[in-house]
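In: give me a model of this one.
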Amino acid sequence: MRLLIATDAWHPQVNGVVRSLEHMEIAGRALGYDPVFLTHQDFRSLPMPGYPEIRLAYATKRKVAERWSDLAPTHVHIATEGTVGYATRRYCLAEGRPFTTSYHTRFPEYLAARAPVPESWSYAWLRRFHGAACATMVSTPSLERDLAARGFTNLLRWTRGVDTELFRPQASDALDHLPRPHFLFVGRLAVEKNIAAFLSLDLPGTKVIVGDGPDRARLEALAPDAAFLGTQTGPALARIYAAADVFVFPSLTDTFGIVLLEALACGLPVAAYPVTGPLDVIGGTQAGVLDRDLRTAALAALRIPRETCREEALRYTWAESARQFYANIESAHARAPSPRRSWGRRPARAVELG
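Out: Next up, the predicted model:
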C-alpha cells in the first residue's frame, strides 16, 4: 500500500491530529506500508487569522492532479475537511478513486462558538463531505454513536496511542517553584477548549496552563494567579506532566484528547466532564474522576494512586492504533465499488465494515 494522506493539519501546528498522523507514518512504515502526505506545504498558503500556525492552502482539484503522478498512491485517506481535504475529495470523485476519511474535530460546535452559524447547517455539510467516502474513521464509541444518530454512515473505529517511553512517571522539579497542589491543563488556548471554566474553579495551590493560542491574553487577564508556561513539547512536557498532581480537562467538544493518555502515562490522574473523549478514556476506570462539577472532580482526583493511571495508559499503543488505521483502509478500499468516473456522485451504498 502506498497511502496518500491528505491533511490540512500539519506542521507547524501542534495538536492531536498532527501527532496522530505523525505516528501513523512512523508505525505504518514499521508495518510495511508506504504513507505519503499532501499538505499545505504542497500549495501556496496564508496564515489563518487568529491562528498564524494554521496555514490555509490555495488547494484546487487541478493542483492535486498535478501532484498525483509524483505521489502515485494506491490508496487515499482524507484526514481533514479543509481546503486540502476538499480538493483531494473533488479529484477522487472526478476520477472514480475510492477514499476513506476521518472525523477528528467538532467543527460545528467550534464554529457556533465564534459565529451565529447553526450546528445543523455545519453537520449537514460534514455529512455530505464524509458520505462520499467508503468509510469514515472515528476515535471512540461515544463519538460513533453521536455521528450515527446524526446520519453519518460507514463508521469505523480508530483508537489513539501514547509514547509510554517519553511520557512516564519520573522525579521532576519542573513545577517546584509553584505552590502545590498543581492542577494542569495542556492544549490549545482557544475558546472551544472551555479553559475559562477550569480557571474559574476555587482550587488550592496553582493552576498551570501549558500551550498557546488566540485566547491566551484573555485567559491571562481572567486568572492572573495561574502559571502560563507557553507551548512545551517532548521531554520538557513530560517532566511537567510528571510534576503535576491532577490533569484537568475542561473541554466539552474534543473527540478524543491525546493529552489524556499523555497525562495518564506520566501517572497523572484526570478530572473532566463526563463527555465524549473522557467518557471513553477515563469512564469505567479508576484513573480519573468525571463529574458535572469540575471542582469536585479535580479535588477527588488528588486521591488517585499514580500507579493506577500508568497501568491504564499502557493499554494504548501507537502500534495498535496504526494496525487499526491501515486495516480499516485496506478493508474499506477492498469493499468499495469498482472505480469509475461517476463513483461518489450519488450516495455511497451502505456496507458493513469490520
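In: excluding its backbone neighbours, what's nearest Leu189?
Out: Nearest non-adjacent residue to Leu189, counting by CB to CB, 6 or more residues apart in numbering: Gly213, 3.5 Å away. Just so you know, the C-beta spots here come from the backbone N, C-alpha and C atoms, and that holds for glycine as well.
In: for the closest residue to Phe99 other than its chain neighbours, name its beta-bridge partners.
Out: Nearest residue to Phe99, sequence neighbours excluded (CB to CB, 6+ apart): Val76, at 4.0 Å. Taking DSSP bridges as the rule, Val76 bridges to Leu4.
In: quick check: pLDDT value at the residue nearest to Leu189.
Out: Predicted confidence (pLDDT) for Gly213: 91.
In: so what's it up against?
Out: Contact partners of Gly213, counting by CB atoms under 8 Å, 6 or more residues apart in numbering, are Tyr51, Arg188, Leu189, Ala190.
In: again with Val248
Out: Val248 touches Phe183, Leu184, Phe185, Phe198, Leu201, Lys207, Val270, Ala271, Ala272, Leu294, Ala298, counting by CB under 8 Å, 6+ apart.
In: number of residues surrounding the fourth one?
Out: Residues within reach of Phe198, counting by other CB atoms under 10 Å, total 25.
In: where's it, which helix or strand?
Out: helix 195-199 (DSSP states H and E).
In: against which helices or strands is that helix packed?
Out: strand 182-186, strand 206-210, helix 216-222 (3 or more CB pairs under 8 Å, 6 or more residues apart in numbering; DSSP states H and E).
In: now do the first one: which elements does it pack against?
Out: Contact analysis of strand 182-186 by 3+ CB pairs under 8 Å, 6+ apart lists helix 195-199, strand 206-210, helix 234-243, strand 246-249, helix 258-265 as its packing neighbours.
In: redo the ones you listed as CSV? Include distance to Ser20.
Out: Shown next, in CSV, are the helices and strands packed on strand 182-186 (distance: least, CB to CB, whole Å):
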stretch, distance to Ser20
helix 195-199, 22
strand 206-210, 19
helix 234-243, 17
strand 246-249, 17
helix 258-265, 7
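In: how close does the nearest residue to Leu260 once chain neighbours are set aside sit to Pro214?
Out: Computed as CB to CB, 6+ apart, the closest residue to Leu260 that is not its neighbour in sequence is Val281, at 4.8 Å. Val281 is 27 Å from Pro214, where distance means CB to CB, to the nearest Å.
In: show me which of the two is the more surrounded one.
Out: Higher neighbour count among Val281 and Pro214: Val281, with 30 against 15, using other CB under 10 Å.
In: quick one: residues contacting the more buried one.
Out: The neighbours of Val281, taking CB under 8 Å, 6+ apart as the test, are Thr140, Phe256, Gly257, Leu260, Leu261, Leu264, Val270.
In: and what of Pro12?
Out: Counting by CB under 8 Å, 6+ apart, Pro12 has contacts Glu53.
In: could you do the one 5 residues further on as well?
Out: Residues counted as contacts of Val17 (CB under 8 Å, 6+ apart) are Thr7, Ala9, Ala79, Thr80, His104, Thr105.
In: any idea how far the last one lies from Ser321?
Out: The gap separating Thr105 from Ser321 is 18 Å, by CB to CB.
In: before we move on, what about the third one?
Out: Shown here: Ala79 relative to Ser321, a distance of 14 Å by CB to CB.
In: of those two, which one has the most company?
Out: Neighbour totals were compared for Ala79 and Ser321, and Ala79 leads with 28 against 20 (other CB under 10 Å).
In: can you tell me how far the more buried one sits from Leu237?
Out: From Ala79 to Leu237 the distance is 23 Å (CB to CB).
In: with Ala298 instead?
Out: Ala298 is 20 Å from Leu237, by CB to CB.
In: what about these two, which has more around it?
Out: Ala298 (27 against 21).
In: coming back round to it: out of the contacts of Val281, which comes closest to Arg218?
Out: Gly257 (22.3 Å; CB to CB).
In: OK, contacts around the closest residue to Pro269 other than its chain neighbours?
Out: Leaving aside its sequence neighbours, Pro269 sits nearest to Ile304 (CB to CB, 6+ apart; 3.8 Å). By CB under 8 Å, 6+ apart, the contact set of Ile304 is Pro269, Gln286, Ala287, Gly288, Val289.
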